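**Q** generate coordinates for the sequence data below:
(2 chains)
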Amino acid sequence: MQINYDDYIDSLIKKDNEAFKIIYDNTKKGVFSIIISIVKNKAVTEDLMQDTYIKMVEKIHQYKKGRNFYAWLLQIAKNTALDHYRKFKKEIVYDPMEQSYYHDSLKTEEKTYSVLDLVKPLDDLEKQIVLLHAVDDMKFKDIAQVVDKPLGTVLWIYNKAIKSLKSYLEVEVQK
Amino acid sequence: MKRKEIEAFIKQKALAEMPEVIDRINLDRITIEPKKRKVFNFNFGNFVKFASGMIALVVTGFIAYNALFSDNSNPVLSTDTEVLGFQTITAAVLLDDANLVELSYSAPLEITELQMTTQEVMSIEDYVGDINPYMHLMETIINDNDSVKYEEFVSDDENYTYAFSYTSTDLSKNPVTYKVYYNLNEEMASGKIKFGEKEFSFEAKKALTTVRIDSENYITVSDESTTTLQKFNYRLYQNGLKMSENNLEIYKVNNNIRVRTKVMKNGLSLNLDVKREFFNELDEFEVTYEIENQTNMINGNFRINLEFDSEENGYVYRYTFGNNNGGMNQPRGPFMGPRA
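**A** Down below sits the predicted model:
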């Protein structure tokens, strides 16, 4: 059951650990999904997850009750990951085979998540949509808000992504 | 593999690998940024200005309230023909403009093009590209009320029984003309809007009007008017997908038509209140705006006047911002419409 995050905002402002834990437990899957769709490296992902929650607390007064808190938090996660991307832009290269950006010095098998192998044929936006829906059970209308696309576009991208994953995974499973 | 199996497979893998970082976060060591507040230093001169401003605001508000709400017997659109004409013509303008620009969703994910970070400051100048297309619509519908005419005429198209024309003038005082042809039965009106060489079909049923280029590219207009306000909701579909939505309120102040619109597009909300200023040669728009994304909000005002571009041999929009940030030119096109 989805919780009403607004019930915990005042407690969070008072730095109540219990309120923070409830928010963290209910949002970590989405935060993780967003970050790994942009940044592949394990150590960096952990740092960015930590940074996301710290920023959430730092900027809690910017959140207005009644809005979509989860979408606001995921926007912070996305911006945090993109800031990291921009910072290391010069060292990041685009791999046309994977249709993805990666940090050259960090792209080693043991340092990335194996779940990313499952979604390898997808581009970054497709990964975001598929991971948010599959890992976090997020509704498509909420995903549309997070990725800034109309609902119809999100559904279309999702269906297209699942189709390519079907053929990709069938081959991979047989290997 | 079935879809459910794929989703379950991904979820299982991801949850098994997901790190826990809660132990790395110590709330006591985080400094919460204070609420942003304006600081007022008392100054008698400023106080007098503020008090005068408040009095002016109250008086203006009272006049505006009376102009807006007390004159319910005299709305901008007073007949069925005008209501039908307004919905079909505004939808045709939006649809035509949207059809002339590239689909925004087809752009590849280019990270630098995404939303600004929480550290960056929003600026009105970043959103002029989103606002610009709506100015063509404003040119079509905002005018002195006496200069806007809906006139019925005997249909010169044998396929349609009824016809009327809409005429107004744009900022450069050139005429704007649209013709609407339609048939009527008990359930609905259906017909076409003609302007220049272009034609769009429409059907209007109860409070919903649909204007189409084809079955995949169309706009729906819902009449959401109340007894005190004439209000419409537009939803633009391209290739079968909803691309944007905007609400539009039309009202009169001192017999001049004004428009408030709220555009919702890609997580962005643009609130625009547009007023036309009349001059001898070229008219101008005065726009009050409020723009909001998921993390930030800005507001203010700007003016739009026409500036002649000798290369294009036509006028472009000149945006002048209220914060003295200078200005910028934007194409008046690609709207080549009826006054090309």
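**Q** ok, what's across the strand from B:Asp144?
**A** Per DSSP bridges, the residues bridged to B:Asp144 are B:Asn256.
**Q** measure the nearest residue to B:Asn159 once chain neighbours are set aside to chain A for me?
**A** Closest residue in space to B:Asn159, ignoring its immediate chain neighbours: B:Tyr181 at 7.5 Å, by CB to CB, 6 or more residues apart in numbering or on different chains. Every residue, glycine included, has its C-beta placed from N, CA and C. Using CB to the nearest CB, to the nearest Å, we find B:Tyr181 at a distance of 32 Å from chain A.
**Q** so how far is the host helix or strand of B:Tyr181 off the chain centroid?
**A** Assignment of secondary structure by DSSP states H and E places B:Tyr181 within strand B:175-184. Taking the mean of its C-alpha atoms, strand B:175-184 sits 22 Å from the chain's own mean (CA atoms, centre = their mean, to the nearest Å).
**Q** any idea which element the residue at minimal distance from the centre of chain A lies in?
**A** The centre of chain A sits closest to A:Ile34, judged by CA atoms, centre = their mean, with a distance of 0.7 Å. Applying DSSP H and E as the criterion places A:Ile34 in helix A:17-38.
**Q** remind me what that helix packs against, helices and strands.
**A** Applying 3 or more CB pairs under 8 Å, 6 or more residues apart in numbering or on different chains; DSSP states H and E, one finds that helix A:17-38 makes contact with helix A:6-13, helix A:42-58, helix A:69-87, helix A:124-136, helix B:3-17.
**Q** cutoff 6 Å now
**A** Secondary structure elements in contact with helix A:17-38, counted by 3 or more CB pairs under 6 Å, 6 or more residues apart in numbering or on different chains; DSSP states H and E, are helix A:6-13, helix A:42-58, helix A:69-87, helix A:124-136.
**Q** determine the number of other residues adjacent to the residue nearest to B:Asn159.
**A** Here the number of neighbours of B:Tyr181 (other CB atoms under 10 Å in any protein chain shown) works out to 20.
**Q** what bridges to it?
**A** Judged by DSSP bridges, the bridge partners of B:Tyr181 are B:Ala163, B:Lys192.
**Q** so it is in contact with B:Tyr160, correct?
**A** Yes - judged on CB atoms under 6 Å, B:Tyr181 makes contact with B:Tyr160 at a distance of 3.7 Å.
**Q** can you list residues touching both of these two?
**A** B:Gly191 (CB atoms under 6 Å, 6 or more residues apart in numbering or on different chains).
**Q** circling back: check contacts around the residue nearest to B:Asn159.
**A** B:Tyr181 sits next to B:Ser155, B:Asp157, B:Tyr160, B:Ala163, B:Gly191, B:Lys192 when contact means CB under 6 Å, 6+ apart.
**Q** try it again at 8 Å.
**A** Counting by CB atoms under 8 Å, 6 or more residues apart in numbering or on different chains, B:Tyr181 touches B:Ser155, B:Asp157, B:Asn159, B:Tyr160, B:Tyr162, B:Ala163, B:Gly191, B:Lys192, B:Lys194.
**Q** next one: it, what pLDDT does it get?
**A** At B:Tyr181, the model reports a pLDDT of 95.
**Q** show me where pLDDT drops low in chain B?
**A** B:36-44, B:46-47, B:50, B:61-74, B:100-121, B:323-326, B:333-340 (pLDDT under 70).
**Q** about what we covered before: ok now the helix holding A:Ile34, how far from the chain's centre?
**A** That offset, for helix A:17-38, works out to 9 Å (CA atoms, centre = their mean).
**Q** can you pull the buried residues of that helix?
**A** A:19-20, A:22-24, A:26-38 (16 or more other CB atoms under 10 Å in any protein chain shown).
**Q** residue ranges in chain A under the pLDDT threshold?
**A** Within chain A, the segments meeting pLDDT under 70 span A:1, A:88-110, A:175.
**Q** show me which helix runs longest in it.
**A** Longest helix of chain A, by residue count under DSSP state H: helix A:151-174.
**Q** buried set for that one?
**A** Of the residues in helix A:151-174, those buried (16+ other CB under 10 Å) are A:151-158, A:161-162, A:165, A:168-169.
**Q** please produce TSV containing the residues you listed, extended by distance to B:Ser310.
**A** Shown next, in TSV, are these (distance: CB to CB, whole Å):
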residue	distance to B:Ser310
A:Leu151	45
A:Gly152	43
A:Thr153	40
A:Val154	45
A:Leu155	48
A:Trp156	44
A:Ile157	44
A:Tyr158	49
A:Ala161	49
A:Ile162	54
A:Leu165	55
A:Tyr168	56
A:Leu169	60
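**Q** of these, which are in range of chain B?
**A** Contacts with chain B within the buried residues of helix A:151-174, as defined by CB under 8 Å from any CB of the partner chain: A:Leu151, A:Gly152, A:Thr153, A:Trp156, A:Ile162, A:Leu165, A:Leu169.
**Q** for stretch B:130-150, the distance to its chain's centre please.
**A** The answer for stretch B:130-150 is 11 Å, by CA atoms, centre = their mean.
**Q** just the endpoints, please. Distance across that stretch?
**A** One end of stretch B:130-150 to the other measures 30 Å (CA to CA, to the nearest Å).
**Q** hang on, the earlier thing: most neighbours, which of the contacts of B:Tyr181?
**A** B:Gly191 (24 neighbours).
**Q** got a list of what that one touches?
**A** B:Tyr160, B:Tyr162, B:Val180, B:Tyr181, B:Tyr182, B:Asn183, B:Ser201, B:Phe202.
**Q** skipping its backbone neighbours, what lies nearest it in space?
**A** Using CB to CB, 6+ apart, the nearest residue to B:Gly191 is B:Tyr182, at 2.8 Å.
**Q** most tightly packed of the helices and strands packed on helix A:17-38?
**A** Ranked by mean neighbour count, those are led by helix A:124-136 with a mean of 24 (mean count of other CB atoms under 10 Å in any protein chain shown).
**Q** compute the inter-axis angle for that helix and helix A:151-174.
**A** If you take axes from the mean of the first three to the mean of the last three CA atoms, to 10 degrees, helix A:124-136 sits at 80 degrees to helix A:151-174.
**Q** how about helix A:124-136 and chain B, touching?
**A** Yes - interface with chain B: helix A:124-136 contributes A:Asp124, A:Leu125, A:Val130, A:Leu131, A:His133, A:Ala134, A:Val135 (CB under 8 Å from any CB).
**Q** residues contacting that helix, please?
**A** With CB under 8 Å, 6+ apart as the test, helix A:124-136 has contacts from A:29-30, A:32-34, A:36-38, A:100-101, A:115-116, A:119, A:122, A:138, A:140, A:143, A:146-147, A:149, A:154, A:157-158, A:160-162, A:165, B:6-8, B:10-11, B:14-15, B:109, B:111.
**Q** number of residues surrounding B:Ala207?
**A** Other residues close to B:Ala207 by other CB under 10 Å number 14.
**Q** wait, it touches B:Asp223, no?
**A** Yes - proximity of B:Ala207 to B:Asp223 meets the contact threshold set by CB atoms under 8 Å, at 4.3 Å.
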